[in-house]
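**Student:** just need the structure, nothing else, for what follows:
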Amino acid sequence: MTLYTLPRTVPTRIHSLRDPAYLAFALLRTAFTVAPIVFGLDKFFNLLTDWQGYLAPLVDRLVPGTGHQAMLVVGVVEILAGVLVAVRPHLGAYVVAAWLAGIIVNLLLIPGFYDVALRDFGLLLAALALARLARAFRPGALGAAKASAS
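**Tutor:** Numbers count the residues shown, from 1 in each chain. Model (predicted):
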């Protein structure tokens, strides 16, 4: 009987935009860096929308302070999540996915926001895909030096 074992490390792929997997990684990393930072900053200015309108009344009652103050905290968390994706995408993508899960729960508590919750579920899946791709393109992973040298 032959036993098969899975490798303990994920082989690193070539960091080239010609590699479709690396291009997907780069696009997702860019999107999940820029979008949370932009949306987080906009929580302070409300230029894109009135963000308090996306806060479920139940959640608003549970969190201390006003809805506006809650949105400011949300903005700071989103900015930090975007920065984390930029510097450590293999961790930051999971943080963004968890954050999106919280947003989805909040949106499901507001009648009429189910379409936005479904869109955010798609973003959550994309964040999980980024987390998986980030393992293959992590600097310092086994084979990274060979991939960069070729």
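
**Student:** show me what contacts the residue most central in space within the chain?
**Tutor:** The centroid of the chain falls nearest to V96 when counting by Cα atoms, centre = their mean (3.1 Å). By Cβ atoms under 8 Å, 6 or more residues apart in numbering, the residues touching V96 are F32, P36, A81, G82, V85, A127, L130. All C-beta atoms are positioned from the backbone trio N, CA, C, and that covers glycine.

**Student:** next one: L125
**Tutor:** Applying Cβ under 8 Å, 6+ apart, no residues qualify as near L125.

**Student:** quick one: which helix or strand includes it?
**Tutor:** Using DSSP states H and E, the element containing L125 is helix 114-136.

**Student:** restrict that helix to CA atoms and write it as CSV.
**Tutor:** Extracted C-alpha coordinates of helix 114-136, given in CSV (Å, rounded to 0.1, in the frame of the first residue of the first chain):
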residue,chain,number,x,y,z
TYR,A,114,-30.1,41.8,1.0
ASP,A,115,-28.7,42.6,-2.5
VAL,A,116,-25.8,44.5,-0.9
ALA,A,117,-25.3,41.5,1.5
LEU,A,118,-25.1,39.2,-1.4
ARG,A,119,-22.6,41.4,-3.2
ASP,A,120,-20.5,41.5,0.0
PHE,A,121,-20.7,37.7,0.2
GLY,A,122,-19.0,37.6,-3.3
LEU,A,123,-16.3,40.0,-2.0
LEU,A,124,-15.8,37.7,1.0
LEU,A,125,-15.2,34.8,-1.4
ALA,A,126,-12.8,36.9,-3.3
ALA,A,127,-10.9,37.8,-0.1
LEU,A,128,-10.6,34.1,0.7
ALA,A,129,-9.3,33.5,-2.8
LEU,A,130,-6.7,36.2,-2.2
ALA,A,131,-5.7,34.5,1.1
ARG,A,132,-5.1,31.2,-0.7
LEU,A,133,-3.2,32.8,-3.6
ALA,A,134,-1.1,34.8,-1.1
ARG,A,135,0.4,31.6,0.2
ALA,A,136,1.8,30.7,-3.3
